[in-house]
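Engineer: Provided below for reference: sequence and predicted model.
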Amino acid sequence: MRKKHVAVLMGGFSSERPVSLSSGTACADALEAEGHKVTRIDVDRNVASVLAELKPDVAFNALHGPFGEDGTIQGILEYLAIPYTHSGVMSSALAMNKEMSKKIAKSVHIPVAESKVLNRFKIGNEHPMKPPYVVKPVNEGSSFGVVIVKEDQAHPPQIIGSKEWRYGETVMVERFIHGRELTCAVMGDVALGVTEIIPQGHSFYDYDSKYIAGGSKHECPAILSSKIYQKIQSLALKAHQAIGCRGVSRSDFRYDDRFSEEGEIIWLEVNTQPGMTPTSLVPEIAAAAGHSFGELLSWMVEDASCLR
């Protein structure tokens, strides 16, 4: 395998900048250890001219959030004809928009939670659906702006209509799904293992659970019946293919087994730029499937292309 000049794109200017810097640094260090020539690029609005001058063999996309995983940087890389990792322009844009990705998932019979999309100012003092429900921005990741409304709350939380809200005007209101938090990584056309995420001292898998060491416990592989385990794998692969994802993706699920083992499995979303930090799920799932961090990243570099 020829060693390549890899530009690792990280940072950027979304809410997820710190996560991206952590992912990018970990990836750059591991790719250097694998023998690649690596240039670290902290992405700003001059990224096109920086890349045009640099002319790397591959752009490794370690950006998260708007601009990095919504098709924007992917379009710039297409223009520059620089092969890149992860999903292409259209699938990135579709996966980032929770409303569109759920419509596609539902069309191929992947189970999703009932939801509605509203302007946040329209919510006011009346519950938009019977609690419990979740309010989340349509286009954010890392659990930014996620608000859980419990059964006993008389009104929707004021933060949704306040000046402090920084996550856009359009929100998704979705039925709250009780149960266990499961996630499954897909690598190419193979569903890897399923992990259960058990938040430690947090009510759900929020930003701190995801990115602070000890914020959550990962049960990898998840302790499930083989039937449920395989069903999660098949749904993750189905979502990856239906939305047109490439390279590596990660689908998140809820599994409510309070009343029976069959329970209810609900697909929440697919993440086309899953975290690659030391505490991240995909490197852990890949390791359990026999792929070291360096091998996983080298596979992604080899898999890189344009017109994805």
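Structural biologist: That came through fine. The structure displayed is predicted, hence computed values, not measured ones.
Engineer: Other residues contacting stretch 125-133?
Structural biologist: For stretch 125-133, the surrounding residues in contact (Cβ atoms under 8 Å, 6 or more residues apart in numbering) are 114, 116, 118, 122, 148-153, 155-156, 173-176. For glycine as for every other residue, the C-beta is placed from the backbone atoms N, C-alpha and C.
Engineer: any idea which of those is the one closest to Val19?
Structural biologist: Here the nearest of the contacts of stretch 125-133 to Val19, counting by Cβ to Cβ, is Ile148; it sits at 21.1 Å.
Engineer: and that closest one, that's in a strand?
Structural biologist: Yes - assigned with DSSP: H, G, I helix; E, B strand; the rest coil, Ile148 falls within a strand.
Engineer: In the contacts of stretch 125-133, find the pair that's most separated.
Structural biologist: Using Cβ to Cβ, those span at most 23.3 Å, a distance reached by Lys122 and Asp152.
Engineer: Take the contacts of stretch 125-133 and keep only those in strands.
Structural biologist: Lys116, Leu118, Ile148, Val149, Val173, Glu174, Arg175 (DSSP state E).
Engineer: Derive a PyMOL selection command for the buried subset of the residues you listed.
Structural biologist: Remark: buried members of those, expressed as a PyMOL selection using 16 or more other Cβ atoms under 10 Å:
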select buried, resi 118+148+149+173+174+175
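Engineer: Out of the ones in strands among the contacts of stretch 125-133, flag the one nearest to Ser92.
Structural biologist: Of all these, Ser92 sits closest to Glu174, with 21.6 Å by Cβ to Cβ.
Engineer: Any figure for the gap between the closest one and Ile160?
Structural biologist: Here Glu174 is placed at a distance of 14 Å from Ile160 (Cβ to Cβ, to the nearest Å).
Engineer: Tell me the residues that contact both of the two, please.
Structural biologist: Joint contacts of Glu174 and Ile160 (Cβ under 8 Å, 6+ apart) are Val135.
Engineer: I'd say Gln200 and His218 touch.
Structural biologist: No - assessed by Cβ atoms under 8 Å, Gln200 is found out of contact with His218, at 10.6 Å.
Engineer: Between these two, which has more neighbouring residues?
Structural biologist: Comparing Gln200 with His218 by other Cβ atoms under 10 Å, the one with more neighbours is His218, at 16 against 11.
Engineer: Now the more buried one: which helix or strand?
Structural biologist: Per DSSP states H and E: His218 is located in strand 216-219.
Engineer: Same check on Arg40?
Structural biologist: Element membership of Arg40 [criterion: DSSP H and E] is strand 37-42.
Engineer: now that strand: how far from the chain's centre is it?
Structural biologist: Between the centre of strand 37-42 and the centre of its host chain there is 23 Å, according to Cα atoms, centre = their mean, to the nearest Å.
Engineer: Please determine how far the closest residue in space to Ile265 that isn't next to it in sequence is located from Leu296.
Structural biologist: Nearest residue to Ile265, sequence neighbours excluded (Cβ to Cβ, 6 or more residues apart in numbering): Tyr255, at 5.3 Å. Going from Tyr255 to Leu296 by Cβ to Cβ gives 26 Å.
Engineer: Over to Ala93?
Structural biologist: 25 Å.
Engineer: Read off the pLDDT value for Arg45.
Structural biologist: Note on Arg45: pLDDT of 96.
Engineer: for Thr170, that is, sorry about that
Structural biologist: The model's pLDDT for Thr170 equals 88.
Engineer: before we move on, what about Ile160?
Structural biologist: Reported pLDDT for Ile160: 86.
Engineer: again, but for Ala59
Structural biologist: With respect to pLDDT, Ala59 scores 98.
Engineer: Could you list every helix and strand in contact with whatever helix or strand it lives in?
Structural biologist: Here Ala59, judged by DSSP H and E, is contained in strand 58-61. Applying 3 or more Cβ pairs under 8 Å, 6 or more residues apart in numbering; DSSP states H and E, one finds that strand 58-61 contacts strand 5-10, helix 17-33, helix 72-80, helix 293-303.
Engineer: and if we set it to 7 Å?
Structural biologist: Here strand 58-61 touches strand 5-10, helix 293-303, going by 3 or more Cβ pairs under 7 Å, 6 or more residues apart in numbering; DSSP states H and E.
Engineer: Report the mean per-residue pLDDT for the strand holding Arg40.
Structural biologist: Mean pLDDT, computed over strand 37-42, is 98.
Engineer: which residues make contact with it from outside it?
Structural biologist: 3, 5-11, 24, 28, 31-32, 47, 50, 54, 56 (Cβ atoms under 7 Å, 6 or more residues apart in numbering).
Engineer: how about these, which pair is most distant?
Structural biologist: Most distant of the contacts of strand 37-42, by Cβ to Cβ, are Lys3 and Gly11, 24.6 Å apart.
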